[in-house]
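Student: please work out how this folds:
(chains A and B)
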There are 2 protein chains.
Amino acid sequence: MEKVTVKSLYRETEKYLEKEIEVSGWVRKLRSQKNFGFLEVNDGSFFKGVQVVFDTNLENFDEISRLSISSSVIVKGKLVKSQGAGQNFEVLATNVEIFQKADLDYPLQNKRHSFEFLRTIAHLRPRTNTFAAVFRVRSVLAYAIHKFFQENGFVYTHTPIITGSDCEGAGEMFRVTTLDLNNLPKKEDGTVDASADFFGKETNLTVSGQLNGETYCSAFRNIYTFGPTFRAEQSNTSRHAAEFWMIEPEIAFADLEANMELAEDMIKFIIKYVMETCPEEMEFFNQFIEKGLFDKLNNVLENGFAKVTYTQAVEILTTCGKKFDYPVTWGIDLQSEHERYLAEEHFKKPVFVTDYPKEIKAFYMKLNPDGKTVRAMDLLAPGIGEIIGGSQREDNLEELERRMAEVDLNPEDYKFYLDLRRFGSFPHSGYGLGFERMMMYITGMTNIRDVIPFPRTPKNADF
Amino acid sequence: MEKVTVKSLYRETEKYLEKEIEVSGWVRKLRSQKNFGFLEVNDGSFFKGVQVVFDTNLENFDEISRLSISSSVIVKGKLVKSQGAGQNFEVLATNVEIFQKADLDYPLQNKRHSFEFLRTIAHLRPRTNTFAAVFRVRSVLAYAIHKFFQENGFVYTHTPIITGSDCEGAGEMFRVTTLDLNNLPKKEDGTVDASADFFGKETNLTVSGQLNGETYCSAFRNIYTFGPTFRAEQSNTSRHAAEFWMIEPEIAFADLEANMELAEDMIKFIIKYVMETCPEEMEFFNQFIEKGLFDKLNNVLENGFAKVTYTQAVEILTTCGKKFDYPVTWGIDLQSEHERYLAEEHFKKPVFVTDYPKEIKAFYMKLNPDGKTVRAMDLLAPGIGEIIGGSQREDNLEELERRMAEVDLNPEDYKFYLDLRRFGSFPHSGYGLGFERMMMYITGMTNIRDVIPFPRTPKNADF
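Tutor: The predicted structure is shown next:
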């Protein structure tokens, strides 16, 4: 008797038909009549469960008939073609071993639960259809990203989570400390003595691996990071989490064009890979979570992404006749309404906006010959807005130092970064993709809390 | 003229021979004579560089002849069979564009540098042979782990980095806070008011994803985590880092035997994958870092791992006639010298030691019928000692509660964990693999600081 997964029953049905098999899993549904009954057993290996038919030939028939939802069972029986509607095959049980009868206060009885409620039982919600689909796709999407970069010769680089530099400048940081907060060591002036801390100085959680990533780019040509990043911002929105994962590739001897090409290839690859690997889950999202999801994703797969400079985009926005809440003038940071107009109404597909005013972008972006704009690019996608932000990096030492002085950064704090411009500087580019942002795009889920297993947000670090 | 990587020149030499190509990279070596010279150009795509021949036909011949090490160049020329010893092909340059002349104080001139010195320039050390090999293998090893689990149907689970429970019990933790340490909010009793912190309570960096991982195991059957973990321990040894990556698979309806089978399959798969994918790097380690590395790894690949119970192991150790610094009696935690004797001298291959006394193992391990030992397993490997630790988990609610009471844990803190034993409890097992420990084993590097891009240790969080 072969132990099999439910997934293999679906994927290799012919192989197991008319064979004696053993499946183990949890009871999702139960219907019983006087002399027989049906269990839907889900074993976690697959989006769907398998139907098990049991009858009075089983000595524990009565006990099975009264099983509580989520009870764990080990079923032996024969796989046969199903007579009933709704499934192609079922298991005729010859033995049903009950491993544990679930307590009756199991919160996931067969009714609809709100996503809000399910967040309060984050340890159980992956047992529901929606979250089983979400978190399997999360796994497959993560793998697709590794697969894409590895097959293209990129080196995966683990940049540090705890950072000693507070100069990444991308947002508010969490402090990491082993000091006893009730008994802090003080300096003579009465302030906290950070030199007594674990690392001998103040340390924080990283907000970006980019600067470290660039150092490895100078050694391996093409690298990517994929790890957790942190923002200590009091943003209680559906799009912000304090802890999220980010992917940051960095490519050498590559300009902004090559950077955009890489981003487009990556997006198409990972969408295609998930659609092919998780057809059942994606069908579920298309049907129940975002109607039209397949049209949206196929539109991305089948079209070249548009490209427009910031200056051209401003012209489009100011002449389109549409009234925006935030008026558009050259120099402003584009707002969500502007980004969505460009992607959804004007281009009707993903669009790269390039060459932003230097004042609204980071210091490390390469200055254009016009002296006003930098070689930045944001990818805006219909339905979600900005999904990628990147740039060519400033590779000229003097220019970079001038820019750092303009924005009041201390070159001493960036010595290792400036070294890259002294010891074989090279044209290079990179971007950041927020993993959860991509998850929301590909699944249609609209709250970031519902695509992270145990989300961390202001006042919430449960489980 | 096709832009090519050095890797493709090595892997597809025939395709490019006699063709005009362009390579870009950094000068690693330079030899020049009156009328011609040689550059070794490394482009980061491959462990080796390519030899470029230049002569006085180039208008900037003199400039090239005086190039500093690590200068960045873009070379156009024809790939031809090499006349010289040491390489099969070379590029006859028709154009050498100098992108940037490296400053002359570049620290990696062509001489041997100690690993200690190289740690002080962690941003540049991947440009050396040793660290180019180490960190490419790190990338490939990480991918091998994902590949193994994904191809076997495991769901990759991102367990949280910031944890609100201080009860994982695996070691000292780092506190995560946004409180202003110079102006702490206090409660009436004068102690710090953690409720004013970002998450509304005290939070720390995770030491293990296992407990969260088990919840996803109850939904997806087979899952794995792969993420950073943290220990705030003042251990300044060659084997401890404050920040390291860990892999923790968890499998449902699986006992300790299945757990050991999974561990053995995984170890063999990832070693094989790295050896096949990085032959040049592994050859380098075998020749310069650990003589006999290939013998060690092939021994692992070609033999079934041994299995012995703790009780049997104690008997072996007490009767073998060898004198240990720490005497062996039943009940002690095995020391490094004992572990190495078992793996290196007695079994001469990796060995699983199982069924340890419950007193020296974690509360969640399944109690054996003897009431004294638990279904734990450690994998000990020759040359390194413990490389994996795991167990079958206690799935019986009453037994688990009794054990928690014995070790003074508050069930309230573990409610979500106990729920798994109430709502469809299931036999399950899992283990943890320290990623850096595996890196050291597979490369022969002996200091953990040399297998982490930017290591974090007491008093050190540079870069």
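
Student: low-scoring stretches of chain A, by residue?
Tutor: Chain A contains residues with pLDDT under 70 at A:166-171.

Student: contacts only, for the residue of it positioned farthest from its centre.
Tutor: Distance from the centre of chain A peaks at A:Asn57, with 48.6 Å (C-alpha atoms, centre = their mean). By C-beta atoms under 8 Å, 6 or more residues apart in numbering or on different chains, A:Asn57 lies in contact with A:Thr94. Backbone N, C-alpha and C define where each C-beta goes, glycine included.

Student: against A:Lys34, how distant is it?
Tutor: Here the criterion is C-beta to C-beta, to the nearest Å. By it, A:Asn57 lies 14 Å from A:Lys34.

Student: please identify every residue contacting each of these two.
Tutor: Residues touching both A:Asn57 and A:Lys34 by C-beta under 8 Å, 6+ apart: none at all.

Student: ranges for the strands of the stretch 51-200 of chain A?
Tutor: A:72-81, A:89-100, A:155-156, A:162-163, A:175-177 (DSSP state E, counting those that start in this stretch).

Student: please work out which residues outside the first one touch it.
Tutor: Read it as strand A:72-81. Identification of contacts with strand A:72-81 by C-beta under 8 Å, 6+ apart yields A:1, A:9, A:13, A:16-27, A:39, A:41, A:52, A:67, A:88-100, A:102, B:253, B:424-426.

Student: the helix or strand containing A:Val27 pairs with which strands, and in what direction?
Tutor: Assigned by DSSP states H and E, A:Val27 falls within strand A:20-32. Each strand paired with strand A:20-32, and its direction, by DSSP bridges: strand A:2-3 (parallel), strand A:36-42 (antiparallel), strand A:72-81 (antiparallel).

Student: looking at those, which is nearest to A:Thr157?
Tutor: Among the strands paired with strand A:20-32, the nearest to A:Thr157 by C-beta to C-beta is strand A:36-42 (38.1 Å).

Student: got the angle for the closest one vs strand A:89-100?
Tutor: Per axes from the mean of the first three to the mean of the last three C-alpha atoms, to 10 degrees, the angle that strand A:36-42 makes with strand A:89-100 is 80 degrees.

Student: list the buried ones in strand A:36-42?
Tutor: Neighbour-count burial for strand A:36-42, counted by 16 or more other C-beta atoms under 10 Å in any protein chain shown, picks out A:Gly37, A:Phe38, A:Leu39, A:Glu40, A:Val41, A:Asn42.

Student: closest one of these to chain B?
Tutor: A:Asn42 (8.9 Å; C-beta to the nearest C-beta).

Student: show the contacting residues for that closest one.
Tutor: A:Val6, A:Gly25, A:Trp26, A:Arg28, A:Lys48, A:Gly49, A:Arg127.

Student: roughly how far does the closest residue to it other than its chain neighbours sit from chain B?
Tutor: Excluding the flanking residues, the one nearest A:Asn42 by C-beta to C-beta, 6 or more residues apart in numbering or on different chains is A:Gly49, at 3.8 Å. A:Gly49 is 12 Å from chain B, where distance means C-beta to the nearest C-beta, to the nearest Å.

Student: I figured A:Gly49 hits A:Phe38, correct?
Tutor: No - in this structure A:Gly49 lies outside contact range of A:Phe38 using C-beta atoms under 8 Å: 10.8 Å.

Student: need the overlap of contacts for the two.
Tutor: A:Lys29.

Student: pipe the strands of the stretch 51-200 of chain A into a markdown table and attach distance to B:Asp450 per row.
Tutor: Shown next, in a markdown table, are these (distance: least, C-beta to C-beta, whole Å):
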| stretch | distance to B:Asp450 |
| --- | --- |
| strand A:72-81 | 46 |
| strand A:89-100 | 47 |
| strand A:155-156 | 17 |
| strand A:162-163 | 19 |
| strand A:175-177 | 23 |
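
Student: what would the ones you listed look like in JSON lines with mean neighbour count and distance to A:Phe352?
Tutor: Formatted as JSON lines, these follow (neighbours: other C-beta atoms under 10 Å in any protein chain shown; distance: least, C-beta to C-beta, whole Å):
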{"stretch": "strand A:72-81", "mean neighbour count": "20", "distance to A:Phe352": "50"}
{"stretch": "strand A:89-100", "mean neighbour count": "18", "distance to A:Phe352": "48"}
{"stretch": "strand A:155-156", "mean neighbour count": "25", "distance to A:Phe352": "25"}
{"stretch": "strand A:162-163", "mean neighbour count": "24", "distance to A:Phe352": "30"}
{"stretch": "strand A:175-177", "mean neighbour count": "24", "distance to A:Phe352": "36"}
